[in-house]
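In: no FASTA, just this:
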Ligand SMILES: Cc1ncc(COP(=O)(O)O)c(C=O)c1O
């Protein structure tokens with residue numbers, strides 16, 4: 001296809017294609033298989049001449065779209081997957097229309113919108129406005145910023161500017177109980193080291209931190225700096241660390257406290273500031289993910305910190321052509337990327353359109369429906385609920401009574417594969433206290449009673465087979 005400067009004069013051509021693909025894709029979500037397990041690409045080599053628009057679209061329709069998952073649909077319960085709402089989807093479409101580079105202020109209102117989005121998220125979660133931050137590509141990237149700024153803090157305590165001089169000679173100990181895999185990855189990427197974690201024991205039958213053990217470890221530590229990584233909602237058991245006690249211990253030991261609340265922070269809309277997340281407002285930094293429970297399209301994490309100056313010290317590299325003339329730090333000086341997508345926009349638009357109450361409604365509904373699924377599993381002879389459902393994640397496996405651990409794991413893995421092959425629902429695997437399990441994580445705004453009934457039917461059908 002040849003590109004013509006006046007191509008946009010025929011905008012309607014693109015709208016027609018867009019509309020027909022979108023309508024077809026959205027229309028099939030409900031009935032199509034949720035996941036496509038056997039996929040392949042039809043075009044193998046780089047096209048040299050390129051295709052016409054018609055042929056490009058035809059190729060998409062025939063070869064690509066039928067192989068896409070219904071990740072945005074109401075029965076994709078793998079990982080922790082939100083489905084984009086209509087308004088957030090509209091926002092994301094418009095991000096490409098606007099194509100702003102939110103690196104620094106000075107040429108549009110986009111930076112103001114990102115700052116306002118951060119402020120609105122703090123209001124949504126009842127966090128003090130002393131938290132500032134930046135939109136990231138996801139929770140992994142936010143955890144990476146957490147590792148970097150904690151590293152900078154540790155360096156400051158020891159007279160080392162880590163951003164400038166590196167981690168050489170840094171004397172630091174990191175404490176955590178059940179860090180998400182992305183946090184471990186972030187410690188590796190930041191030079192602190194994936195293996196450099198002192199494991200704090202969990203409480204019995206829980207993934208939450210035993211704070212008595214943390215106290216002992218902090219008292220015993222002879223390192224000059226300390227970092228504690230806590231969880232507000234672990235990815236398997238949805239456990240919450242005791243953040244009030246942990247923050248007190250951190251204060252006592254001048255330790256940095258980073259809390260990964262990728263999806264758990266949304267629970268604050270349900271039980272409030274004195275509920276499961278109590279004390280998170282005392283953290284030095286927090287990770288949250290909007291492409292999980294805020295149900296915006298992917299590429300939407302958030303990093304919040306009470307120490308924006310340290311974040312800027314970690315990421316700012318002056319260059320004459322990038323000089324900042326505004327009153328706020330440039331986003332490129334407080335995060336990884338220089339050029340940045342206008343990723344705050346779908347979040348901002350969602351908050352504008354749905355408000356706090358709208359978000360709260362789908363969080364409540366997901367929790368209610370997860371409990372319904374868990375109750376059915378708990379009463380079924382064919383399945384075992386392996387952990388009580390306390391939020392939006394259901395942990396279960398087929399009834400394994402009388403089986404060896406290896407046989408139970410095999411049955412569980414096979415059943416999970418069979419569920420995903422069946423295609424009416426998509427789940428992901430997990431592990432609970434050494435045993436393989438199946439996880440159903442409900443975080444999609446559309447999931448309702450009819451989806452629970454379909455999932456129960458799938459579980460019944462497969463147990464019968
Ligand atoms: C607690 C927690 N932290 C971090 C992540 C990583 O999020 P992302 O995939 O958006 O990078 C997840 C993903 O499930 C999570 O549950």
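Out: Perfect, I can see it now. Bear in mind the structure is a predicted one, so any value in this text is a computation, not a measurement. Residues are numbered from 1 along each chain as shown.

In: Check the burial of residue 306 by counting its neighbours.
Out: 18 (other Cβ atoms under 10 Å). For the C-beta atoms, the positions are set from N, CA and C on the backbone; glycine is no exception.

In: Contact partners for it?
Out: By Cβ atoms under 8 Å, 6 or more residues apart in numbering, residue 306 lies in contact with 130, 131, 132, 283, 284, 285.

In: Just confirm the third one contacts residue 308, I think it does.
Out: Yes - using Cβ atoms under 8 Å, residue 132 is in contact with residue 308, at 4.4 Å.

In: quick one: contacts for residue 367?
Out: Counted by Cβ under 8 Å, 6+ apart, residue 367 has contacts 270, 391, 392, 442.

In: what number of residues lie near the first one?
Out: When you say that, I think you mean residue 270. Neighbours of residue 270 (other Cβ under 10 Å): 14.

In: any idea how far it lies from the ligand?
Out: Distance of residue 270 to the ligand, given as Cβ to the nearest ligand atom, to the nearest Å: 17 Å.

In: Helix or strand for that residue, just tell me which one.
Out: In this assignment (DSSP states H and E), residue 270 forms part of helix 268-271.

In: which SS state does residue 115 fall under?
Out: Residue 115 falls in the helix class when you classify it by DSSP: H, G, I helix; E, B strand; the rest coil.

In: Just give the closest residue to it, not the sequence neighbours.
Out: What sits nearest to residue 115 in space, not counting adjacent residues and going by Cβ to Cβ, 6 or more residues apart in numbering, is residue 328, at 6.4 Å.

In: next one: phi and psi at that neighbour?
Out: phi -100, psi 160 (degrees, to the nearest 10).

In: hang on, the earlier thing: which ones among the contacts of residue 306 map onto strands?
Out: Judged by DSSP state E, the contacts of residue 306 include 132, 285 as members of strands.

In: what about stretch 422-441, average pLDDT?
Out: Mean pLDDT, computed over stretch 422-441, is 97.

In: May I see the contacts of residue 367 organised as a markdown table, with secondary structure added?
Out: A markdown table is the format used below for the contacts of residue 367 (three-state DSSP):
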| residue | secondary structure |
| --- | --- |
| 270 | helix |
| 391 | coil |
| 392 | coil |
| 442 | coil |
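
In: which of the residues you listed sit farthest apart?
Out: Distance extremes for the contacts of residue 367: the farthest pair is 270 and 442 at 13.8 Å, using Cβ to Cβ.

In: which of the residues in stretch 274-292 are buried?
Out: The neighbour-count criterion (16 or more other Cβ atoms under 10 Å) identifies 276-292 as the buried residues of stretch 274-292.

In: Same list, these, but only the ones touching the ligand.
Out: Restricting those to those near the ligand by Cβ under 6 Å from any ligand atom leaves residue 289.

In: coming back round to it: now, among the contacts of residue 306, which is nearest to residue 377?
Out: Of the contacts of residue 306, the one sitting nearest to residue 377 (Cβ to Cβ) turns out to be residue 283, at 34.3 Å.

In: can you give me phi and psi for that closest one?
Out: According to degrees, to the nearest 10, residue 283 has phi -70, psi 160.

In: wait, isn't it in contact with residue 243?
Out: Yes - counting by Cβ under 8 Å, residue 243 is a contact partner of residue 283 at 6.9 Å.

In: Return the residues of the stretch 101-250 of the chain in contact with the ligand.
Out: Counting by Cβ under 6 Å from any ligand atom, the residues of the stretch 101-250 of the chain close to the ligand are 138, 139, 140, 180, 182, 235.

In: The first one: what's it in contact with?
Out: This points to residue 138. 289, 291, 298, 299, 300, 301.

In: Ok, the third one next?
Out: Residues in contact with residue 140, defined by Cβ under 8 Å, 6+ apart, are 182, 185, 186, 301.

In: how close does it get to residue 283?
Out: 18 Å (Cβ to Cβ, to the nearest Å).

In: picking that back up, closest to residue 264 out of the residues of the stretch 101-250 of the chain next to the ligand?
Out: Taking Cβ to Cβ as the measure, residue 264 lies nearest residue 235 of those, at 9.2 Å.

In: Now that closest one: which helix or strand?
Out: Using DSSP H and E, residue 235 falls outside every helix and strand.

In: Excluding chain neighbours, what is closest to it?
Out: residue 180 (5.7 Å).

In: which residues touch the one you found?
Out: Counted by Cβ under 8 Å, 6+ apart, residue 180 has contacts 139, 143, 231, 234, 235, 260, 262.

In: And it, its phi and psi?
Out: Main-chain torsions, residue 180, degrees, to the nearest 10: phi -60, psi 150.

In: would you list every one of the strands in the stretch 301-450 of the chain?
Out: With strands called from DSSP state E, counting those that start in this stretch, the stretch 301-450 of the chain shows them at 301-305, 383-387, 393-398, 428-432, 435-441.

In: Pick the most buried one from those.
Out: Comparing the strands of the stretch 301-450 of the chain by mean neighbour count (mean count of other Cβ atoms under 10 Å), strand 301-305 comes out on top with a mean of 28.

In: what pairs with that strand, and is each one parallel or antiparallel?
Out: Using DSSP bridges, the strands paired with strand 301-305 are strand 132-136 (antiparallel), strand 285-289 (antiparallel).

In: Please tabulate the contacts of residue 306 in TSV and include pLDDT and distance to residue 169 as additional columns.
Out: As requested, these are exported to TSV (pLDDT from 0 to 100; distance: Cβ to Cβ, whole Å):
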residue	pLDDT	distance to residue 169
130	97	32
131	98	31
132	98	30
283	98	27
284	99	22
285	99	23
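
In: Just put the contacts of residue 306 in a markdown table and tack on distance to residue 74.
Out: Converted to a markdown table, the contacts of residue 306 look like this (distance: Cβ to Cβ, whole Å):
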| residue | distance to residue 74 |
| --- | --- |
| 130 | 38 |
| 131 | 32 |
| 132 | 35 |
| 283 | 33 |
| 284 | 37 |
| 285 | 33 |
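
In: Among the contacts of residue 306, which one lies nearest to the ligand?
Out: Comparing these against the ligand with Cβ to the nearest ligand atom places residue 285 closest, at 13.3 Å.
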